[in-house]
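Student: structure for the following, please:
(2 chains)
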Amino acid sequence: MYAAWTVKHKPKSLSEVVGNKDAIQKLVNWVKSWERGIPKKRAVFIYGPPGIGKTVSVEALANDYKMELVEKNASDYRTEDAVKRFAGLASQYGSLFGGKRIVLLDELDGLTGTADRGGVRAITEVVKNAQCPIVLIANDAYNPRLSTLRNYCLLIEFKKPSASDVMKHLKRICIREGIEAEEKALKFIAQRSEGDVRSAVNDLQALAQGRKRLTYEDVSWLGYRDRQESIFNVLRMIIYGRTCIGAKRAVDMADVDMDMLFEWIYENVPAHLNDPHDLAKAMDALSMADVYRGRIRATQDWSFIRYVIDFMTAGVAMARQNSKTSGWIPFKFPQRIKMLSRSKAERGMQLRIGFKIKRKCHISANRAAKEVLPYLRIIFRNNVEMAAGIAKWLELDEDMIEYLAGNKKNAEAIKEM
Amino acid sequence: MSFEMWAEKYRPKSLDEMVNQKEIVERLKNFVETRNVPHCIFAGPPGTGKTTAALCLARDLYGDGYREFIMELNASDERGINVVRETVKTFARVRSVGEIPFKIMILDEADNMTADAQQALRRTMERYTETCRFILCANYSGKIIEPIQSRCAPFRFTFLPREEHDRYLQFIAEKENVTLLKEGLDAIFEVCGGDLRKAINTLQAASSFNKPIDAKTVYSIAGRAHPADVQKMIETAMKGDFIEARKQLRNMIQKYGVAGSDIIRQIHTEIFRAEIPEPWKIKLADAIGEIDYRLVQGADEEVQLSALLARLVETGYEMRMAS
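Tutor: This next block holds a predicted model:
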């Protein structure tokens, strides 16, 4: 079954956390200071961008120092009462088992609305009177609503880890998962993540899970990944959508254009629908979406785009009836986009050779490229002598010879003849 | 062994050398004797001698300098109306200086011309009949517009009979000093139908291995030369492997530039040849017809054809359930 690697490979100890060494040291010093009595600042306020290890560090800290971690995040303590109920209690009394305890209030950014005003006030009160370490976490410490609270806290800033730090973490995961990964591939993922370790790990899982090797080729398309709402989530909303509206809404969340989104869906539908009836229905929906694209082209009336959307999202979502979800199936970058540029160049070459054949053989260049060229390819790979004769007879240039020969070595031999 | 394309080297130079299409050759010889050639349509499958017959006719008529009096145009390379307007007209209206008062225009793959271009051609043919005669070569005469057909003498080319096919290939093998085994010859005929150009190309490619040509070599060449193997793609889909079938389709379209309309026509033919229970065939024909129609309306051939592949996967599954 699928387990998120961000959870599975979460650092258990502070020594495994990448980056932010100074900030972590500051945090450790403060926690240790509790052993000498209640410090001046009874809470730390950790802030910094998402996915860089703020929460993970606190959890690892608790683990390293054998402390009981009482953890809540914003959605759990929106009101004054709720804060008092758990944070108040947790920070006032000792641990149930007599051990040390640390209280973590995560995602503080989540309670800045008017409704939560009481909540912030209550937290401030709790911090003032805390009898055990309290850790507050937010992305932005300088939110005006948190200004009073901030005064009672030791501020610790977490910064984005460097790409090489992120890579260290990715490498460790690959070793544990038994994946042989190219340095260049991991570097690319790390750099793409801009210090967001969590998204880097998610990317790694999407790309590498279930494989033995990860190459640069495999990851290079990551450039398309959307930082806001990843295309993977969009695809999930469509391919596993239960309502038409839900599937259609996914379009607004994708930051790729409509044609590219179509390609993503078209590429990934087959692997995610294993029932033949469902698959036929989904592909039929995509075919209809494409018919509407054709109608747009024919009429230049772009309002038809809504039907394209209907079929490529809702049509695909509604196809799923009997398919069983089994395990984690990664989403793949549209393969034919990758292939397109390569084969375009190749077809240009084929046609140029076709024109050479046409000059001698009373056959159109198009047909020569399709019907004669394949035989030339065989001859050029097998028989240097015959190939050289034909090359001369057709007046092929060096590029053409190399293309037909398939590799430099054969081509050289032919040219020498 | 010689090192040019054998299909060209062994193309007959004169009508007398043409081994097949006896009746057609007789009529063409008659044109040479009377020194008069009407507009003609040479219709028939590929590799049956249409272009060769036109070239032989010209050479017999004009002698070795025949190139001055003819022009060859390939409609599939330049099929637009402008070609007809400019190139064809310019060639057609200039009177020939030789003893024969007309030139010959050979329009190859004429069934690939657009309808507009054909209309323009029709007027040109009429206006310049005195100075130029047209020979239109086509796989399907049905794709030539009616007014042109009615102005032309029709010739129907058919595949070579087996004995003549064999005799010709053996003749080439002998000349080129390659050993063509009986089983190799049978295989070539099986793979190429009666398409002589294809057969000779296959023979030459097979000879590049420098060993006696057996059936195995021939089949391996056929496999490598024609990855656009529609039959295999259908099988893959019917077995249930959609992703692999789509990959094959993608190769045909992207790498080898096969047109979607050609692929669907082949699928249609193959379905009726395939070993599937009869009632399913007509069901599939319906699906094929629907996608064929959508191909015209849609924007993307691969998307449309892969929807058809998904139907094949579904049908294959239903067939297994039913049996």
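Student: quick check: phi and psi at the nearest residue to residue B:301 once chain neighbours are set aside.
Tutor: Spatial nearest neighbour of residue B:301, excluding adjacent residues (Cβ to Cβ, 6 or more residues apart in numbering or on different chains): residue B:260 at 3.2 Å. Every C-beta, even on glycine, is put in place using the N, C-alpha and C of the backbone. Dihedral angles of residue B:260 (phi, psi; degrees, to the nearest 10) stand at phi -60, psi -40.
Student: wait, residue B:260 touches residue B:292, no?
Tutor: No. Judged on Cβ atoms under 8 Å, residue B:260 makes no contact with residue B:292 at a distance of 9.2 Å.
Student: when the two are compared, which one has more neighbours?
Tutor: Set residue B:260 next to residue B:292 and count neighbours by other Cβ atoms under 10 Å in any protein chain shown: residue B:260 wins out with 21 against 18.
Student: the residue in the stretch 51-200 of chain B that chain A sits nearest to: how many residues sit nearby?
Tutor: Closest residue of the stretch 51-200 of chain B to chain A, Cβ to the nearest Cβ: residue B:74 (3.5 Å). Neighbour count of residue B:74, defined by other Cβ under 10 Å: 24.
Student: and it, what does it touch?
Tutor: Neighbour list for residue B:74: A:358, A:363-366, B:108-109 [criterion: Cβ atoms under 8 Å, 6 or more residues apart in numbering or on different chains].
Student: what of residue A:416?
Tutor: By Cβ under 8 Å, 6+ apart, the contact set of residue A:416 is residue A:388.
Student: report the next helix or strand after the longest helix belonging to chain A in sequence order.
Tutor: Ranked by residue count and defined by DSSP state H, the top helix of chain A is helix A:335-361. For helix A:335-361, the following helix or strand on the C-terminal side (DSSP states H and E) is helix A:365-367.
Student: interface residues of the stretch 151-300 of chain B facing chain A?
Tutor: B:197-198, B:201-202, B:204-205, B:207-210, B:221, B:224-226, B:240, B:242-243, B:246, B:250, B:254-258, B:291, B:294, B:297-300 (Cβ under 8 Å from any Cβ of the partner chain).
Student: please check these and keep the buried ones.
Tutor: B:197-198, B:201-202, B:204-205, B:207-209, B:221, B:225-226, B:240, B:242, B:246, B:250, B:254-258, B:291, B:294, B:297-300 (16 or more other Cβ atoms under 10 Å in any protein chain shown).
Student: from residue A:303, how far off is the residue of the stretch 251-400 of chain A found nearest chain B?
Tutor: Proximity of the stretch 251-400 of chain A to chain B (Cβ to the nearest Cβ) peaks at residue A:389, 1.8 Å away. Separation of residue A:389 from residue A:303 (Cβ to Cβ, to the nearest Å) stands at 61 Å.
Student: the more surrounded of these two?
Tutor: Taking other Cβ under 10 Å, residue A:389 and residue A:303 do not tie; residue A:389 has more neighbours (19 against 8).
Student: surely that one meets residue B:3?
Tutor: Yes. Contact criterion Cβ under 8 Å: residue A:389 and residue B:3 qualify, at 1.8 Å.
Student: does the nearest residue to residue B:38 once chain neighbours are set aside have beta-bridge partners, and which?
Tutor: Leaving out its chain neighbours, the residue that sits closest to residue B:38 by Cβ to Cβ, 6+ apart is residue B:153, at 4.7 Å. Per DSSP bridges, the residues bridged to residue B:153 are residue B:40.
Student: dump the residue contacts of residue B:153.
Tutor: B:38-41.
Student: can you map out the strands along the stretch 101-250 of chain B?
Tutor: For the stretch 101-250 of chain B, applying DSSP state E, counting those that start in this stretch gives strands covering B:103-108, B:132-138, B:153-156.
Student: now residue B:3: which helix or strand?
Tutor: Here residue B:3 is assigned to no helix or strand, by DSSP H and E.
Student: lowest average confidence, helix or strand, in chain A?
Tutor: helix A:89-92 (a mean of 65; mean pLDDT, DSSP states H and E).
Student: low-confidence regions, the stretch 201-350 of chain A specifically.
Tutor: A:221-229, A:326-327, A:340-342 (pLDDT under 70).
Student: up against chain B, what does it have?
Tutor: A:266, A:270-271, A:276-277, A:279-280, A:282-284, A:286-288, A:290-291, A:293-295, A:297-298, A:335-336, A:339-340, A:343, A:346-347, A:350.
Student: residue B:27 - how many residues pack around it?
Tutor: 13.
Student: quick check: it touching residue B:155?
Tutor: Yes. Using Cβ under 8 Å as the test, residue B:27 is close enough to residue B:155 to be in contact (7.4 Å).
Student: could I get the full set of helices for the stretch 1-150 of chain A?
Tutor: Along the stretch 1-150 of chain A, the stretches classed as helices by DSSP state H, counting those that start in this stretch are A:5-8, A:21-33, A:54-64, A:80-83, A:89-92, A:117-128, A:147-151.
Student: using TSV, lay out these together with distance to chain B and mean neighbour count.
Tutor: Shown next, in TSV, are the helices of the stretch 1-150 of chain A (distance: least, Cβ to the nearest Cβ, whole Å; neighbours: other Cβ atoms under 10 Å in any protein chain shown):
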stretch	distance to chain B	mean neighbour count
helix A:5-8	25	15
helix A:21-33	47	16
helix A:54-64	38	20
helix A:80-83	51	18
helix A:89-92	53	17
helix A:117-128	51	19
helix A:147-151	55	15
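Student: right, and the ones you listed - which one's nearest residue A:174?
Tutor: Across those, residue A:174 has its closest neighbour in helix A:5-8 (10.3 Å, Cβ to Cβ).
Student: and the closest one, how far out from the chain middle?
Tutor: Put simply, helix A:5-8 sits 14 Å off its chain's centre (Cα atoms, centre = their mean, to the nearest Å).
Student: please export the C-alpha coordinates of it as PDB.
Tutor: C-alpha atoms of helix A:5-8 as PDB (Å, rounded to 0.1, in the frame of the first residue of the first chain):
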ATOM      1  CA  TRP A   5       7.500   9.200   1.800                       C
ATOM      2  CA  THR A   6       7.300  12.500   3.700                       C
ATOM      3  CA  VAL A   7       5.900  10.500   6.600                       C
ATOM      4  CA  LYS A   8       7.800   7.200   6.000                       C
END
